[in-house]
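> pasting the structure only:
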């Protein structure tokens with residue numbers, strides 16, 4: 001993907017006021033399998049349209065932080081899971097299961113404002129950083145994405161430019177997410193179990 005004025009893969013999150021989200025992307029994993037790996041309650045897994053159908057089937061509390069509702073879709077080689085509340089994708093146990101036999105990327109955003117990014121391969125977190133303060137990547141191979149991060153201003157010890165983490169997902173992984181509200185059709189969705197105590 002280029003950085004021209006053309007529509008980008010994650011523009012939905014640049015241009016709409018979405019105060020909190022956690023997005024988990026897994027390469028070449030089916031949507032139902034991604035939900036299962038994330039710990040979805042089996043009886044809640046179903047194809048649903050985005051919007052009212054979610055509330056009809058899964059209750060009014062779609063944004064529960066402990067047992068979040070997740071909507072999935074596929075764009076290119078990546079299957080995405082959008083947690084409407086919660087941080088399950090950031091949990092290393094969940095990310096380990098999601099990335100088993102493949103690779104996975106997670107980005108969380110909240111109103112502090114900050115992004116939190118994790119990249120895992122085969123169950124191991126390779127790169128992990130957040131933008132609340134100057135970035136300080138950790139993980140098994142924290143410098144793995146430096147060549148892509150540096151031109152975006154994502155440099156160890158420096159403050160991250162706005163939306164640079166979204167651009168990292170687009171540039172390094174060719175990740176996109178088509179807005180389910182405008183795409184139409186049905187998407188696999190479900191409610192995640194509460195995370196066990198560590």
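Structure received. Everything numeric here is computed off the predicted structure, so don't read it as measured data.

> Look up how far residue 24 lies from the closest residue to residue 185 other than its chain neighbours.
Nearest non-adjacent residue to residue 185, counting by C-beta to C-beta, 6 or more residues apart in numbering: residue 49, 7.2 Å away. Using the backbone N, CA and C atoms, a C-beta is placed for each residue, glycine as well. In this view, residue 49 and residue 24 are 21 Å apart by C-beta to C-beta, to the nearest Å.

> quick one, which of the two is more surrounded?
Neighbour tally, residue 49 and residue 24, criterion other C-beta atoms under 10 Å: the higher count belongs to residue 24, 28 against 17.

> So residue 55 lies in a helix, does it not?
Yes. Note on residue 55: a helix contains this position according to DSSP: H, G, I helix; E, B strand; the rest coil.

> which helix in this structure runs the most residues?
The longest helix of the chain (DSSP state H) is helix 164-173.

> Helix or strand next in line after that one, which one?
Once the chain leaves helix 164-173, the next helix or strand it forms, by DSSP states H and E, is helix 180-183.

> So which residues make contact with that next one?
For helix 180-183, the external contacting residues (C-beta atoms under 8 Å, 6 or more residues apart in numbering) are 50, 51, 71, 73, 82, 187.

> So among those, where is pLDDT lowest?
Among those, residue 51 has the lowest pLDDT, at 74.

> Relative to residue 38, how far out is that one?
From residue 51 to residue 38 the distance is 21 Å (C-beta to C-beta).

> Neighbour count: those two, which is higher?
When residue 51 and residue 38 are compared on other C-beta under 10 Å, the one with more neighbours turns out to be residue 38, at 24 against 11.

> Who are the contact partners of residue 89?
22, 23, 24, 38, 81, 83, 95, 98, 106, 108, 118.

> Angles on the backbone of the fourth one, please.
Looking back up the chat, that one is residue 38. phi -80, psi -10 (degrees, to the nearest 10).

> Identify the farthest-apart pair in the contacts of helix 180-183.
Within the contacts of helix 180-183, 51 and 73 form the most distant pair, 13.9 Å apart (C-beta to C-beta).

> would you list the contacts of helix 180-183 in JSON lines and tack on secondary structure and distance to residue 169?
Below are the contacts of helix 180-183 laid out as JSON lines (DSSP: H, G, I helix; E, B strand; the rest coil; distance: C-beta to C-beta, whole Å):
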{"residue": "50", "secondary structure": "coil", "distance to residue 169": "21"}
{"residue": "51", "secondary structure": "coil", "distance to residue 169": "25"}
{"residue": "71", "secondary structure": "strand", "distance to residue 169": "18"}
{"residue": "73", "secondary structure": "strand", "distance to residue 169": "15"}
{"residue": "82", "secondary structure": "strand", "distance to residue 169": "13"}
{"residue": "187", "secondary structure": "strand", "distance to residue 169": "20"}
